[in-house]
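[1] the sequence and its predicted three-dimensional model are supplied below.
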Amino acid sequence: MIDYIVEYQNSYFYGHLFNHNVIELVNKGVKMTPLFKSRIFNHTFDYDEWPSTNNNIKKILAPFNESMFKLRHHYQDVFPKIYKKDEKIAA
């Protein structure tokens, strides 16, 4: 099922299918690497109202349970260390 979703429905819209069963699938030994490398969980988006990019190009993972378009309003809460550094540079 996961291979089918990754191959034919490879979009972040299908992430909701795994909201409540990822841990169970991992515990059962299901191969999850293709899913985690797919566009279902790695979505690149372009949004005109997004703050300017950060010069730190390392990939950073942080939990956020709202719409990705609301992340820009919660940037300082989700990424507090980066936010503090950005504010020092801007000042």
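    Noted; the coordinates are in hand. Numbering: from 1, shown residues only.
[2] outline the domain layout of this protein.
    Following automatic domain parsing, one gets these domains for the chain: 1-44, 47-91.
[3] comparing these by mean pLDDT, which bottoms out?
    Lowest mean pLDDT within the domains of the chain: domain 47-91, at a mean of 74.
[4] for this structure, what spans make up the helices?
    For the chain, the helices defined by DSSP state H occupy 2-8, 22-27, 33-37, 75-78, 80-90.
[5] for the first one, packing partners?
    Taking 3 or more Cβ pairs under 8 Å, 6 or more residues apart in numbering; DSSP states H and E as the contact definition, the neighbouring helices and strands of helix 2-8 are helix 33-37. Every residue, glycine included, has its C-beta placed from N, CA and C.
[6] contacts for the helix it packs on?
    For helix 33-37, the external contacting residues (Cβ atoms under 8 Å, 6 or more residues apart in numbering) are Ile2, Asp3, Ile5, Val6, Phe18, Phe41, Asn42.
[7] now, which of these sits nearest Gly29?
    Lowest distance from Gly29 to those (Cβ to Cβ) belongs to Ile2, with 12.5 Å.
[8] circling back to that earlier point, save the domains of the chain as JSON lines, and put in mean neighbour count too.
    Listed next are the domains of the chain as JSON lines, based on neighbours: other Cβ atoms under 10 Å:
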{"stretch": "domain 1-44", "mean neighbour count": "12"}
{"stretch": "domain 47-91", "mean neighbour count": "10"}
